[in-house]
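Participant: Need coordinates for the following:
(4 chains)
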Protein chains: 4
Amino acid sequence: MDVESYSKRIDDNRKVYLDGEIVKNVATEPAFLGAVNVINSYYRLQVEKPETHTTLDRSGNAIAASLSIPESVTDLQSKRRHYKEIADLSFGMLGRTPDFMNAAIMSWAVHSEFLGDSSATSYSQNMKDYYRLCCERNLFVAHGAINPKIDRNASLGSSEHPFCGVKVIHTNEEGIVVSGAKMIVTLAPIADEIMVFNMPGLKPGDEDFALAFALPIASPGLQLVCRKPLSRGGEASFDYPLANLFDEIDSYMILTNVFVPWERVFVFKDVMRSNQFYDRSFARNHAGHQGAARAISKGEFVAGVASKIAQDLELSLSPNVQEQLGEIASDLEAAKALVERSENQSQADDSGTFNPDIAAIHALRINFPRMYSRALEKIRSLAPGSMMALPTEADFKGSNGNLLREALGSTNLNAMDRVKLLNLAWDLVGEGFGQRQLTYEIYHAGDPTIIARSQFRGYDWEKPRQSVSLSLSNIDD
Amino acid sequence: MDVESYSKRIDDNRKVYLDGEIVKNVATEPAFLGAVNVINSYYRLQVEKPETHTTLDRSGNAIAASLSIPESVTDLQSKRRHYKEIADLSFGMLGRTPDFMNAAIMSWAVHSEFLGDSSATSYSQNMKDYYRLCCERNLFVAHGAINPKIDRNASLGSSEHPFCGVKVIHTNEEGIVVSGAKMIVTLAPIADEIMVFNMPGLKPGDEDFALAFALPIASPGLQLVCRKPLSRGGEASFDYPLANLFDEIDSYMILTNVFVPWERVFVFKDVMRSNQFYDRSFARNHAGHQGAARAISKGEFVAGVASKIAQDLELSLSPNVQEQLGEIASDLEAAKALVERSENQSQADDSGTFNPDIAAIHALRINFPRMYSRALEKIRSLAPGSMMALPTEADFKGSNGNLLREALGSTNLNAMDRVKLLNLAWDLVGEGFGQRQLTYEIYHAGDPTIIARSQFRGYDWEKPRQSVSLSLSNIDD
Amino acid sequence: MDVESYSKRIDDNRKVYLDGEIVKNVATEPAFLGAVNVINSYYRLQVEKPETHTTLDRSGNAIAASLSIPESVTDLQSKRRHYKEIADLSFGMLGRTPDFMNAAIMSWAVHSEFLGDSSATSYSQNMKDYYRLCCERNLFVAHGAINPKIDRNASLGSSEHPFCGVKVIHTNEEGIVVSGAKMIVTLAPIADEIMVFNMPGLKPGDEDFALAFALPIASPGLQLVCRKPLSRGGEASFDYPLANLFDEIDSYMILTNVFVPWERVFVFKDVMRSNQFYDRSFARNHAGHQGAARAISKGEFVAGVASKIAQDLELSLSPNVQEQLGEIASDLEAAKALVERSENQSQADDSGTFNPDIAAIHALRINFPRMYSRALEKIRSLAPGSMMALPTEADFKGSNGNLLREALGSTNLNAMDRVKLLNLAWDLVGEGFGQRQLTYEIYHAGDPTIIARSQFRGYDWEKPRQSVSLSLSNIDD
Amino acid sequence: MDVESYSKRIDDNRKVYLDGEIVKNVATEPAFLGAVNVINSYYRLQVEKPETHTTLDRSGNAIAASLSIPESVTDLQSKRRHYKEIADLSFGMLGRTPDFMNAAIMSWAVHSEFLGDSSATSYSQNMKDYYRLCCERNLFVAHGAINPKIDRNASLGSSEHPFCGVKVIHTNEEGIVVSGAKMIVTLAPIADEIMVFNMPGLKPGDEDFALAFALPIASPGLQLVCRKPLSRGGEASFDYPLANLFDEIDSYMILTNVFVPWERVFVFKDVMRSNQFYDRSFARNHAGHQGAARAISKGEFVAGVASKIAQDLELSLSPNVQEQLGEIASDLEAAKALVERSENQSQADDSGTFNPDIAAIHALRINFPRMYSRALEKIRSLAPGSMMALPTEADFKGSNGNLLREALGSTNLNAMDRVKLLNLAWDLVGEGFGQRQLTYEIYHAGDPTIIARSQFRGYDWEKPRQSVSLSLSNIDD
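Facilitator: Numbering: from 1, shown residues only, chains lettered A, B, ... in the order given. Model prediction:
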């Protein structure tokens, strides 16, 4: 597999704006460096540990394991290990690594029949072709799915705002021309391509927006405006140990008359298929499975931070600290259990594919943000004062560094290691970096209340209801 | 297997007090009838569905499946199905059915070596013999483990209160004589025997209390004083559909100079072994596994009640109701996932036995009470007013019954069925019966804060901590 | 004042159904006895402590203090003391004592102008007259405001269910004839009269239901069907110390062609005025003020129960128990503070009346249920096992009473007092009685989410928003 | 009053370390500029609005109103308005403005008798003199009370760590010499003086640490090491609207052989008086009152942010948003109510001083952090995606600024204003600045669990318990 080319590929003529400037080369831009390093490591894993990170397709070619089609519970477990090791590269802080879209693209391709065709093209075949392209080129595909909530009280179709979503402007024999915007387009500045689609919820009248297509980031007319970076470019990684390594840059994508050839179009002016795109294809199940494996990585990391603080700061004798850590461990167990259940409950669908069970995936998606949020609160509570008393690396290197070392060190933990650990904890709990992580954890798969409603609508209530009917039938009138 | 004899066996000269009177025959006492029926059904399952509810011991004799020694993950899964079907007899409302102690007795016997021996007897052998007895006689063994918290600020050994625990009074060649009390001795009034022991926490100086032994309920000097019944003897099961069927009677056990032969003694004046009794033997793991399977049964039932009310009262269009039910489903999924994880994570110990993983069991024990409590609150919120507007069965049978039927019925649910369902929900949420169930769920395995501390102390923190050490090592000083 | 006549007045030909039978005399019915005793005490207070419980109207006649028109903050404080002492009769367990409707009737009368008039009658004058009648006769007026939620997915006007609300059937010169039902008609079985109206939310098309009127309980065609009683008629008050004294009976009111004379009609087929009835009149403010004073009484009681258990069971050395009780005290302080704020923030309206500030009342209504619910959970956690180990009074009087006394008593608390206290706590926390109290506390003034939305809509956001505008204006572009 | 001199006064030879360097002039250091501006505004208020911000002492000299001795409820209300207007300068973000210590110093002076005297000096008189000095010089006094939690499992007296607290090294006729450290010494880098003392909790054996004294920041041997700044020196206030204006710098104070003259010593090697210092003097009540007024300012600000986002982003039609905002308003009402109650419940003590009621202060301290934390979560939930989609000011000024303006603006809110508002919200919710504010809110007055225990120990439980005793006495045995 060609894993060297990534940094070169993304040094193209793409239009990525950062703090008012166009980025010359996204591969070397300091604000992206942490993320670029993780993606490079992602590709390196394919070479260094091919048994976990690649698989052979039906033609015998090695492809990224995330693109493999699972045909058994064991296959799902293998994919999970693959996702997990990728997530471990950033301790779960990067969510939109290439395996995320790969998992979805695989599922769209396998279940592409429902996409149908038209006189212009076969959407179904386009998706199969795109999957093959991703396999062959080992691409990093980002996605743009969230419409900007700018004009909240109008539907897409009735809004007069030119950037309320992405809509088709005109078409010709070669393809379609689109304009508009998507928000929270994560890691796209350093990706190869982007998949553009809508989450469910479009309504009749929104036809012009009811699209799904893929295109290169460097497409003419496509620009990405990055949010305020959370990394601290000019500052020491001692002081910001996570922010400087793992900022997963989000961007605003603006499209102005962007051409998309028909062979890259998967849904076209079709509200029903746009609404079915993520769920009927089981893309949610597979992408959710990747996200669940990543969550475990992050869950382990926060458990580790809590445990290390308790241990190194000698807090473990406190019954209250023991209780807090016992709860973090229990939450981690529950998260792991749900990922495994999503695999164990899976069964072959008509295509022979094993899709992770959505009820377990939803359950994790609903519960994990609470667990994660609770864990951060617990970590904060372990040493709130000490986290507010952190001098910088420069202080330790300055004229009174020796005095600081004496004042802030203890017999079992020297001052530098103590401050480094607390800096890491504060990055996780209190810095913009950590709070963006929390926000991501809560909302990245959609508002938890909406997920809960999906869970309700899709759940098999028959079995629980039967036990109630049985109990009611026991009652004599 | 002899399953007929149960009701006859418990009609002996036991001393069970209920509301100031000695119960003549516990098998026919109305306050116990619901529970007795469940136990009878428990024995009947062994005959009607032997493939799930019995197993062959090494001599080829059929024994209760809960007494089987699991030697694979599959064995644990089989035992869980067995536990679950027993629990379904009461929708999880009865927790201390015979399989609970059976699971523990199996584990005590398999791991009995640590019990050791003395000049008087072999505690280890006694436990093996007791296990064989339970297999042969298909007994219903209750347990008494909780010392009355009467004299809270003194240790057992230093307390002058004669009923602060159970202590040895004197010994002779045949056995030991004990006096004292245990509280929350659940279902013992209708059991065959009782296992008496302590939960961990005894201290040096508590030797006289550091005991474990078993004896028949009908032993001279043993009396059981029942708590206020929660069933509504004189009232219709229409009005109290759960309370009248599933009150799991708790009692206070008072021992006055009760003789226990040496062969029924398992721990004797040994603080260390008393403290190890429940955990080092893995009894907690197996009893916890039974409890987890039971919790699933109850979790399904409350999910079913919520779903049925939403459906039958036509609430399902409300986004908020959908969200509430989606959360209940997600909690149920998490509980199921944890039980399965406790099995899947199990590995053979030195004896070749597969013990359910305690981290997953603890995680369920810590999280399930919250899930259950939340589910009750959600059910209450579905129809709080309607639950406060429930006439009795007598009203429907009275002179204005027809008017009531018209007033309280709807097109898709007749008035009687509506009230019956709401009565059932109120029994679960609001009656003493339901609140005792909630109290049981929170506290029956020990205070959740104490379980959380156990989780902390036993957890494998190495792996999570490693990821933090790795991330710290990335930082340049 | 004539305070003797109450029990006689309610012994009339009213139609109250309880458990399938018509109650012969509600004044002596055991299931109502606790509540009747409280109402008798309410009237007795007017004689025994007239300075707090009566006031002189403009003609110099003594009237119930709850009917007085507050014209200063001091007047509101006096009314609060009056409400609080009435609530103390039942430790806040009875919410719909006569002062509740009195507070509202006063406010309807003072602000009656908006009720207007028609060719048939003057609604405004009718309300003034009704107020005078209540003053003169010292009546106990219940209320029926909640429409049965039987046909949830239809509006009142479009529903075909004959008992989905109360509607006018026909009218004549003397008055109107109504049929239908109201639910959760609390204490009405032992009241003199009932005020029937709707909470806001009616829509165009609901005109026939858009009514407000008052009439005697004994009116022909009016029947009250009681819910399952929560008192334990046949059982000792030792065993059920609160349930047997303070069950505030709820009922279902069914009206069949009931005649209401015009002079008792306050809103007639007027959706706008029906929706304004409770708020524009400030009735909600005054009734809410009474409810707030009552909540303080209940808050003190639960704080007392928690404190007494901690003290008597010698739990107070535990840091965790101290923390729990400190939180209960803090919640009680917050509740008291909000009632006082509702008074201190009040200003004279156009009529010169001081209406309690609704923002503070809403804040209490939203927060108090959470405080109360948390307090119950804390009480449960103080002694969950001991609450499950309570023999009955009959046990203490039975043959092994002496043994029980020894087993369950401690040096600082004899067994009977200990069990009595725990019985009281369990009635509050775990019995149907206590859970109905909790349900009442959460929902009696409307679903808390709806109250929160009212708070939003009525709140003065200008001031908070100004500080944000100021901070934004500080920023240089 | 001389209000001009502040910036000059603090430009002395103090040793303040920031990011490895000694700060040349703290009055002009960019990282402190926001805070210095607030303090300057504080002094300016004394001139511009003397009726609120100054008062006359007994000699007729104008002093800061925070130093006035309250002798009525009205006086406390006046002081609260004074505190509140000071807090409004930073929307409650700065907590340790001069009025904080002033409130405490007033109370220490008024109640100084318990400090006693020794052969060396009169501690009581020293405190009175120090109060007069603060009055005369209109000083800004910071405080250092928290001992570094470096050596957690040893008492101060038994620790061998030289910086575990501040201890006396030797004494002579002129005074004492101290060494050691205090952490979270807030705003001290820009204060005139510092009051050093301990919170309660010292034990016998800790005598050398049982001190209270005051001294100038510029004292030889005193150094302050600042934590990592949260302001963003080099970046636009458009991008970080709060962080750049209101970082309340915390520091670590290290003392090396610092001389303190006897007249500035208030407690000397006296564990009992050290433990009484904050509470018996009612300093906690008055400082807590200031803190409560500040909390109201902050509470209003977060309510305003939530309201402005809901309004400007047109979210207010959503029932869920209405509910969230209604809850924020209710929490704000409760906080206001508690401050007022602390005043209204106050009574003259032996010295004629009105001390704010500590039960209400504690109640606010326990509840406000939860309210504040909930409010942040609600603000996050209003627009989580939009907060992650914020370009910088430079982007708007860059080459595609016009396009961004079109893409991110709406009809009722232009893009710049929208982003500015969301930046402000994110500073509050998600940046290190906002999370330090949250940490401060939760912990600045001590761990909430410890405050809850204090509430328990000091609370008047008699009244609540009486109602329970009364209810128990109603029960017939």
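
Participant: quick one: residue A:11 and chain B, what's the gap?
Facilitator: Computed with C-beta to the nearest C-beta, to the nearest Å, the distance linking residue A:11 and chain B is 25 Å. Any C-beta I mention is one placed from the backbone N, CA and C, and that applies to glycine too.

Participant: Which secondary structure state is assigned to that residue?
Facilitator: coil (DSSP: H, G, I helix; E, B strand; the rest coil).

Participant: Can you get me a residue count around it?
Facilitator: Using other C-beta atoms under 10 Å in any protein chain shown, residue A:11 has 13 other residues around it.

Participant: My guess is it contacts residue A:32. True?
Facilitator: No: using C-beta atoms under 8 Å, residue A:11 makes no contact with residue A:32, being 11.7 Å away.

Participant: Mutual contacts of those two, please.
Facilitator: Taking C-beta atoms under 8 Å, 6 or more residues apart in numbering or on different chains as the criterion, residue A:11 and residue A:32 both touch residue A:26.

Participant: Enumerate every residue touching residue A:188.
Facilitator: With contact set as C-beta under 8 Å, 6+ apart, residue A:188 has these partners: A:142, A:144, A:194, A:217, A:224, A:251, A:253.

Participant: Residue A:14 now?
Facilitator: Counting by C-beta under 8 Å, 6+ apart, residue A:14 touches A:26, A:189, A:217, A:218, A:222, A:224.

Participant: repeat that for 6 Å
Facilitator: A:217, A:218 (C-beta atoms under 6 Å, 6 or more residues apart in numbering or on different chains).

Participant: List phi and psi for it.
Facilitator: Dihedral angles of residue A:14 (phi, psi; degrees, to the nearest 10) stand at phi -70, psi 160.

Participant: Flag the shaky bits of chain A, pLDDT-wise.
Facilitator: A:1-3, A:477 (pLDDT under 70).

Participant: hang on, residue A:240 packs against residue A:233?
Facilitator: No: in this structure residue A:240 lies outside contact range of residue A:233 using C-beta atoms under 6 Å: 9.9 Å.

Participant: Select the longest strand from chain A.
Facilitator: For chain A, the strand with the greatest residue count under DSSP state E is strand A:251-261.

Participant: Buried ones in it, by neighbour count?
Facilitator: The neighbour-count check on strand A:251-261 (16 or more other C-beta atoms under 10 Å in any protein chain shown) flags A:251, A:252, A:253, A:254, A:255, A:256, A:258, A:259, A:260 as buried.

Participant: how far is the helix or strand following that strand from where the chain is centred?
Facilitator: Counting by DSSP states H and E, the element after strand A:251-261 in chain order, helix or strand, is strand A:265-267. A distance of 23 Å separates the centroid of the chain from that of strand A:265-267, by C-alpha atoms, centre = their mean, to the nearest Å.

Participant: Sheet partners, orientation included, of strand A:265-267?
Facilitator: According to DSSP bridges, strand A:265-267 forms sheet pairs with strand A:212-216 (antiparallel).

Participant: chain center to the partner strand, what's the gap?
Facilitator: Mean C-alpha position of strand A:212-216 versus that of the full chain (C-alpha atoms, centre = their mean) differs by 18 Å.

Participant: cool, stretch A:332-341 as well?
Facilitator: That offset, for stretch A:332-341, works out to 18 Å (C-alpha atoms, centre = their mean).

Participant: ok, back up a step: show residues contacting the longest strand of chain A.
Facilitator: Looking at what lies outside strand A:251-261 - C-beta under 6 Å, 6+ apart - the contacts are A:144, A:166, A:174-183, A:185, A:188-189, A:213, A:215, A:219, A:221-226, D:389, D:407.

Participant: the more surrounded of residue A:240 and residue A:233?
Facilitator: The neighbour comparison of residue A:240 against residue A:233 (other C-beta under 10 Å) goes to residue A:240, with 26 against 13.

Participant: Can you tell me which residues in the stretch 351-477 of chain A are near chain B?
Facilitator: With C-beta under 6 Å from any C-beta of the partner chain as the criterion, the stretch 351-477 of chain A meets chain B at residues A:359-360, A:363, A:366-367, A:420, A:449, A:452-453, A:455-456, A:459, A:461, A:464-465, A:467-468, A:471-472, A:475.

Participant: same thing but at 8 Å, please
Facilitator: A:359-360, A:362-363, A:366-367, A:393, A:416-417, A:420-421, A:424, A:449, A:451-457, A:459, A:461, A:463-469, A:471-472, A:474-477 (C-beta under 8 Å from any C-beta of the partner chain).

Participant: Just the ones in helices from the residues you listed, please.
Facilitator: Under the assignment DSSP state H, these contribute A:359-360, A:362-363, A:366-367, A:393, A:416-417, A:420-421, A:424, A:449, A:451-457, A:463-469, A:471-472 to helices.

Participant: Taking the residues you listed, please make a ChimeraX selection of just the buried ones.
Facilitator: Selection of buried members from these for ChimeraX, criterion 16+ other C-beta under 10 Å:
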select /A:359,360,362,363,366,367,393,416,420,421,424,449,451,452,453,454,455,456,464,465,467,468,471,472
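
Participant: how about the helices in the stretch 1-150 of chain A?
Facilitator: A:6-9, A:30-48, A:50-53, A:73-88, A:98-110, A:123-137 (DSSP state H, counting those that start in this stretch).

Participant: Find the centremost residue of chain A, please.
Facilitator: For chain A, residue A:95 is the residue whose C-alpha lies nearest the centre (C-alpha atoms, centre = their mean; 3.0 Å).

Participant: and that one, what does it touch?
Facilitator: Residue A:95 neighbours (C-beta under 8 Å, 6+ apart): A:186, A:248, A:291, A:294, A:440, A:444.

Participant: gap between it and chain B?
Facilitator: 17 Å.

Participant: How about residue A:221?
Facilitator: From residue A:221 to chain B the distance is 38 Å (C-beta to the nearest C-beta).

Participant: what's around that residue, how many residues?
Facilitator: 15.

Participant: Quick check: phi and psi at it.
Facilitator: phi 90, psi -10.

Participant: Same check on residue A:217?
Facilitator: According to degrees, to the nearest 10, residue A:217 has phi -60, psi -30.

Participant: Regarding chain A, what is its longest helix?
Facilitator: Max-length helix for chain A by DSSP H is helix A:283-312.

Participant: Does it reach chain B?
Facilitator: Yes: judged by C-beta under 8 Å from any C-beta, helix A:283-312 and chain B are in contact via A:297, A:300, A:301, A:303, A:304, A:305, A:307, A:308, A:311.

Participant: In TSV, list the residues you listed along with distance to chain C and neighbour count.
Facilitator: Output for those, formatted as TSV (distance: C-beta to the nearest C-beta, whole Å; neighbours: other C-beta atoms under 10 Å in any protein chain shown):
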residue	distance to chain C	neighbour count
A:297	34	21
A:300	29	24
A:301	30	26
A:303	24	25
A:304	27	24
A:305	26	30
A:307	23	21
A:308	26	21
A:311	23	15
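
Participant: Which one of the residues you listed is nearest to chain D?
Facilitator: residue A:311 (12.1 Å; C-beta to the nearest C-beta).

Participant: From what I see, residue A:359 and residue A:459 are in contact.
Facilitator: Yes: the criterion here is C-beta under 8 Å, and residue A:359 meets it with residue A:459 at 6.1 Å.

Participant: For the stretch 301-450 of chain A, which residue gets nearest to chain D?
Facilitator: For the stretch 301-450 of chain A, C-beta to the nearest C-beta, closest residue to chain D: residue A:394, 2.9 Å.

Participant: How about the contacts made by the nearest residue to residue A:216 once chain neighbours are set aside?
Facilitator: In space, and not counting its chain neighbours, residue A:216 is closest to residue A:193: 5.2 Å by C-beta to C-beta, 6 or more residues apart in numbering or on different chains. By C-beta under 8 Å, 6+ apart, residue A:193 lies in contact with A:139, A:140, A:141, A:142, A:214, A:215, A:216, A:217.
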